[in-house]
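Student: Okay, sequence plus prediction incoming.
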Amino acid sequence: MRIALRNLLRTLSLLAAVGILLYGMLSDAVPASPTAPPNDTRWLLSLAAAFPLLVIYAWLTVSGDPRREKRTPDARFHHNVQQLGGFLLVGFGLLSLHLLREQVVAAVSIKDATVVTTSGVVIQDPRKVPAELQVRRGTIYAGDKVVAASEVITPSRFVNRLYPDPNISYLAGYYNPTIYGSSGLEASFDRYLSGNEVLNPLTEQQRKLLHRPVVGNDLYLTIDPAMQALAQKTLGERKGAIVLLDAQSGAILAMASWPHIDPQQMSFNPYADDWGAENKRIITYYNSVLNDPNRPLLLSASQGLYPPGSTFKTVTSGAAIDTNTAQPTATFTDTNGTVKVEAGAYLHRDCSTCRPAKHGPTFTMVEGYKWSLNVVFAELSIRLGANRLIEYAQRFGLGTRYDIGIPVEISRLAPDLADLNSPNTLAATGYGQGEVQTTPLQMALVAATVAHGGQLPAPYLVASVKDSETGDTVWQFQPHTINQVLSPQSNDTLKGMMVASVQSGWASGAAIPGYVVGGKTGTAETGKGTSHSWFIGWAGKDPNRPQYAISAFVDEGGEGTRVALPMARTVLSAALGRK
Amino acid sequence: MCAKPAPTSYSATPASVKAMPRGGLARPTFWNRIRGLRWTEFRLLLIPSILSIVGMLMVILVPTGGVRWEWKDLWMSFLFIGLLYGLHIWLNITRPRADQALLPIVAVIMVLGLVMIERLEPSLVAKSPDFGGIARKQVIWITIGVLALWATLAFVRDLNLLRRYKYTFAIIGIALVAATLVFGSDAGSGSGVKLWFNFGFFQFQPSELLKVLLVIFLAGYLDDKRELLASPYKVGPINLPPLPYLAPLLLLWALALVLFVVQKDLGSALLFFGIFLSMLYAASGRAFYVASGLALFFAASYMLNLFFATQFAHIQERVDIWLNPWPVGNNQGYQIVQSLFALATGGVMGSGIGFGSPGVIPAVQTDMVISAIGEELGLMGTLAVIALFMLLVYRGLHIALTAHSGYEQLLAVGFTTILGLQAIIIIGGAIKMIPLTGITLPFISYGGSSLITNFVIIGLLLRISSPRGKSGTQRLDR
């Protein structure tokens, strides 16, 4: 009877201890925030609770029948020593369990823990930086050019990250494991570049056992190095951007921005004798670009939001045609180059040189488009109404988050779409003023949509990721369209308007002999008395499938016709002529 | 009569002898002598020998990334193997019936430590040139330790001599520790914890010696009073513990404890307390003593906390760091946070010897050596260390059970408890299972006093496992 009771107690204490330990082992091992260290309180409490239970278990296991064994002192001693051994065994057992917790269960959250103390000191695994400096990150290619590469230094096994191409490398972002982390493609494709994307767990274990270094995968960009170099050269040191797209696929062939940073300056050079000084150099450089009023950390092409000016009339026209609000032959009245859409509102004006002299008060929509008459588009916007303009602007991509691997600002019609309920704002938005703000990439996509049969193509910068050793494709971008913006018929009509703008409008400077070119200039008022210079367009051999779409933008560059248009034409004609 | 554990091949009694009829003597023929040699130990010692060569080769070759090396690079391994087999031969000659597993277990533990220290040396030298040659020094300490083991076996012919002078030993021990209060230095650690005597060439830590002396004293005292302690003390109709016989023990223990609290050597205080309770339990078998001892300990801590708040602020800080080291991870909690990073980095397989960076952990060569093993050898390595200590404890307790007198039994229990508890306390501290206290991991940590003392302990255990000639009182059941 007593033995049965003892066995029951023994079993219960063991089960309770195992249960408590299991609960404690798994609780709080993975903290809520990825950088918080694991909270050990519950685990330590469960250890403290399991300890006496296990000691009781060991004690009851060893003690035989006390009455019989108490006879000889030696037997009793034997018994005591076994119990002492049981106690030490429990101690070693708990040590093993604690090691299991620290080395396996909670290991990942300990390694990733980053704690900032009250005095502002950052506590982090000191292995992190040297380990990341030893990662042989993959190479980034653009055509035959190397955009970013890793140079392995022997015998230290540290890696020097190189950014050899001044025209393209800044698109890769920077890689700085010591202080600032990474940006751009270096950040968004880090899984592949660092080789952390494990495809085969078996070879991964083999690699670890043999201490073979991790070699990252290579990135292949859509950038055409010649086009990028030309675009960068054409832009020169003017604040702005040129974006050249393959209109049929959405591939970004060139995306030049100025100013931009030099990623090599952000790269930690392990060759440096004094790592502290090397870090200071990087901090100084980073602070200088951070405080630069031109904001070189933000790429104008994808992160700059600007009023698109008259280039936006393409969107308004597309909406009007597709909703049948107005066709190109629809007429509008512009008697003196000004109009008031609302009582007490300001005058909407045509630009001083836009409205042809000696012309009657009536203009068709296509005339309004090619001569860029704001009065016509103010009236058109009112006829269109806010809802339809919003719908079509969204179809053209305003409000869409594009995932191209580097940060892209979301273009928008207005910070608050309700603002468009005001006829005055609606009218101004119709010709690209008001509150509408777009990136040069977005406006290139508007041109690409028209060239692509009215379908908005998804833009992409990284074409594929390949294993650097075997050459196998690890990841590939599947070109696709985001949505059908305009019906094919409406799109053909809009395309005709863009061609007319080049053939007989203010965009005539963009014409390239032997090719079909459509385009629209823009001169957007900044509100400071200056104006942004814009041009969007497309060109190709086949009028049904023009191959290239472009946008050129110069911040406070003046008239679109004079500044942005010639830049775009240079790049477009080179693109057309390169085959 | 309870059953004795069946003698295994590791047992003190060689199979050839055991097969002889009771009372008979093995005929000293040539083959019987050969068979009676310590072959089990011989074979088991191959493991640490191979480990020492492979481990040293890894330490030498990993930084170069090549396979060029010379035989003289391995001199430490060969010296180590020479010492092991030298000891083995000497034991064959003088104490053929001593435990055969003890030396191999200790040798494997030691080789892990030696390889780790050799591997840590360049990382530590990068921090401070004072660490130059610590691996060489460790090998010298091991050599001296083996000599100390030999001396223990050669000169301690009669364990009863130790017993006779138990009070003298106790007083010497306490006096030594008390002397560190006056003449102590912090061994250049800058911690201000003055536990060492500085002899210029050698830093001696008396608390290492004290634990051996304490066990010798307690074993003698408890064996003398064993019957009295196990039986209740009657005052009229009430059963009380035999207080008069416990009083000297309590006094001694309290004195040792106070010294350590004043010296802030918490690890040793915890270890002493553990040894005290373990031996008391082994001798008396009364859980009541253990329970009241623990209660007394907590009560005393509470009282001392009230009166010596400044001394205990140190303890409070240790506990706070243990519970959450992260907010102070740049100063007081630095050591433990770095240890956690190292352990987590190691994972299951470890980074491999020479591929981690355990050098960032303060005191990695002494208190935190388990974290370095955890980083480079992974959970596999740390569990191996724990398993080896479990084997060591098992052999030690086995020796206690087969010892030939009550006194020797208690001595063996005490010495085994020292090794086992010390390993639990320091490993537990380094991996943040319990508050961190600065004591060494036996046979692995770098340090002379600790190694020599532990070798003496192993020598005494070997001595207990091989009775030769007259060795005091008979076992209690004979």
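Tutor: Right, received. Where do you want to start?

Student: Please make it C-alpha for all contacts and neighbour counts, starting now.
Tutor: Noted.

Student: which residues of chain B fall in strands?
Tutor: B:197-198, B:203-204, B:233-235, B:238-240 (DSSP state E).

Student: and stretch B:322-333, how far out from the chain's middle?
Tutor: Its chain's C-alpha centre and that of stretch B:322-333 lie 29 Å apart, by C-alpha atoms, centre = their mean, to the nearest Å.

Student: Identify each buried residue in that stretch, please.
Tutor: Within stretch B:322-333, the residues scored as buried using 16 or more other C-alpha atoms under 10 Å in any protein chain shown are B:322-330, B:333.

Student: cool, and stretch A:508-523?
Tutor: Across stretch A:508-523, burial judged by 16+ other C-alpha under 10 Å covers A:508-512, A:516-523.

Student: so of these, which ones are in strands?
Tutor: Within the buried residues of stretch A:508-523, residues falling in strands by DSSP E are A:516-523.

Student: Save those as TSV, and put in distance to residue A:323 too.
Tutor: Converted to TSV, those look like this (distance: C-alpha to C-alpha, whole Å):
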residue	distance to residue A:323
A:516	26
A:517	25
A:518	22
A:519	22
A:520	21
A:521	24
A:522	24
A:523	27
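
Student: can you put the residues you listed in JSON lines and add distance to residue A:443 and pLDDT?
Tutor: Converted to JSON lines, those look like this (distance: C-alpha to C-alpha, whole Å; pLDDT from 0 to 100):
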{"residue": "A:516", "distance to residue A:443": "19", "pLDDT": "95"}
{"residue": "A:517", "distance to residue A:443": "16", "pLDDT": "96"}
{"residue": "A:518", "distance to residue A:443": "14", "pLDDT": "95"}
{"residue": "A:519", "distance to residue A:443": "11", "pLDDT": "95"}
{"residue": "A:520", "distance to residue A:443": "11", "pLDDT": "95"}
{"residue": "A:521", "distance to residue A:443": "11", "pLDDT": "94"}
{"residue": "A:522", "distance to residue A:443": "11", "pLDDT": "93"}
{"residue": "A:523", "distance to residue A:443": "14", "pLDDT": "92"}
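
Student: so which of those also contact chain B?
Tutor: Near chain B, taking C-alpha under 8 Å from any C-alpha of the partner chain as the test, no member of these is found.

Student: Of all pairs in these, which one is the farthest apart?
Tutor: A:516 and A:523 (23.6 Å; C-alpha to C-alpha).

Student: need the helix or strand of chain A with the lowest average pLDDT.
Tutor: helix A:66-69 (a mean of 54; mean pLDDT, DSSP states H and E).

Student: related to what we said a few turns ago, ok, so of the ones in strands among the buried residues of stretch A:508-523, who is nearest residue A:226?
Tutor: residue A:517 (21.3 Å).

Student: Double-check that closest one against residue A:544; I have them as touching.
Tutor: No - checked against C-alpha atoms under 8 Å, the pair residue A:517 and residue A:544 is beyond contact range at 11.4 Å.

Student: which residue sits closest to residue A:227, ignoring its sequence neighbours?
Tutor: residue A:254 (5.8 Å; C-alpha to C-alpha, 6 or more residues apart in numbering or on different chains).

Student: Can you tell me the SS state at the one you found?
Tutor: strand (DSSP: H, G, I helix; E, B strand; the rest coil).

Student: what's across from it in the sheet?
Tutor: residue A:244 (DSSP bridges).

Student: give the contact list for the residue nearest the centre of chain B.
Tutor: Ranked by distance to the mean C-alpha position of chain B (C-alpha atoms, centre = their mean), the top residue is residue B:419 at 3.1 Å. Shown in contact with residue B:419 (C-alpha atoms under 8 Å, 6 or more residues apart in numbering or on different chains): B:389, B:393, B:442, B:454.

Student: Report the entries of the residues you listed that also contact chain A.
Tutor: Among these, chain A is touched by residue B:393 when using C-alpha under 8 Å from any C-alpha.

Student: Select from the contacts of residue B:419 every entry located in helices.
Tutor: B:389, B:393, B:454 (DSSP state H).

Student: low-scoring pLDDT stretches of the chain, where are they?
Tutor: All of this is about chain A. By pLDDT under 70, the low-scoring segments of chain A are A:1, A:63-71, A:198-199, A:344-345, A:579.

Student: that's the wrong chain, I wanted chain B
Tutor: The model of chain B has pLDDT under 70 over residues B:1-27, B:184-203, B:230-243, B:256-257, B:259-261, B:309-312, B:468-478.

Student: State the phi and psi torsions of residue A:160.
Tutor: The phi/psi pair for residue A:160 (degrees, to the nearest 10) reads phi -100, psi 120.

Student: Beta-bridge partners for it, please?
Tutor: residue A:151.

Student: Please tell me I have it right and it contacts residue A:148.
Tutor: No - between residue A:160 and residue A:148 there is no contact under C-alpha under 8 Å: 10.5 Å.

Student: neighbour count winner among the two?
Tutor: Between residue A:160 and residue A:148, counting by other C-alpha atoms under 10 Å in any protein chain shown, residue A:148 is the more crowded of the two (30 against 22).

Student: And the helices in the stretch 251-400 of chain B?
Tutor: B:266-284, B:287-307, B:309-323, B:334-346, B:369-376, B:378-402 (DSSP state H, counting those that start in this stretch).

Student: Can you tell me which of the ones you listed is most buried?
Tutor: helix B:369-376 (a mean of 29; mean count of other C-alpha atoms under 10 Å in any protein chain shown).

Student: Surely residue B:394 touches residue A:85?
Tutor: Yes - look at residue B:394 against residue A:85 with C-alpha under 8 Å: they come within range, at 7.3 Å.

Student: my read: residue B:111 touches residue B:51, true?
Tutor: Yes - contact criterion C-alpha under 8 Å: residue B:111 and residue B:51 qualify, at 7.0 Å.

Student: re earlier: max pairwise distance over the buried residues of stretch A:508-523: which two?
Tutor: A:516 and A:523 (23.6 Å).

Student: name the element residue A:6 belongs to?
Tutor: helix A:2-26 (DSSP states H and E).

Student: list the buried ones in that helix?
Tutor: Neighbour counts using 16+ other C-alpha under 10 Å place A:10, A:13-18, A:20-21, A:24-25 of helix A:2-26 among the buried residues.

Student: Reformat those as a markdown table; add distance to residue B:362.
Tutor: Shown next, in a markdown table, are the buried residues of helix A:2-26 (distance: C-alpha to C-alpha, whole Å):
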| residue | distance to residue B:362 |
| --- | --- |
| A:10 | 43 |
| A:13 | 40 |
| A:14 | 38 |
| A:15 | 40 |
| A:16 | 38 |
| A:17 | 35 |
| A:18 | 35 |
| A:20 | 34 |
| A:21 | 31 |
| A:24 | 29 |
| A:25 | 28 |
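
Student: mind giving me JSON lines with these and columns for distance to chain B?
Tutor: Formatted as JSON lines, the buried residues of helix A:2-26 follow (distance: C-alpha to the nearest C-alpha, whole Å):
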{"residue": "A:10", "distance to chain B": "17"}
{"residue": "A:13", "distance to chain B": "18"}
{"residue": "A:14", "distance to chain B": "20"}
{"residue": "A:15", "distance to chain B": "22"}
{"residue": "A:16", "distance to chain B": "20"}
{"residue": "A:17", "distance to chain B": "17"}
{"residue": "A:18", "distance to chain B": "18"}
{"residue": "A:20", "distance to chain B": "16"}
{"residue": "A:21", "distance to chain B": "13"}
{"residue": "A:24", "distance to chain B": "13"}
{"residue": "A:25", "distance to chain B": "13"}
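
Student: do you know how far the nearest residue to residue B:414 once chain neighbours are set aside is from residue B:411?
Tutor: With sequence-adjacent residues excluded and distances taken as C-alpha to C-alpha, 6+ apart, residue B:414 is closest to residue B:215, at 5.5 Å. Here the criterion is C-alpha to C-alpha, to the nearest Å. By it, residue B:215 lies 6 Å from residue B:411.

Student: and these two? which has more neighbours close in?
Tutor: Taking neighbours as other C-alpha under 10 Å, residue B:215 and residue B:411 compare with residue B:411 leading, 29 against 26.

Student: contacting residues around the more buried one?
Tutor: So residue B:411 contacts B:215-216, B:219, B:400 (C-alpha under 8 Å, 6+ apart).
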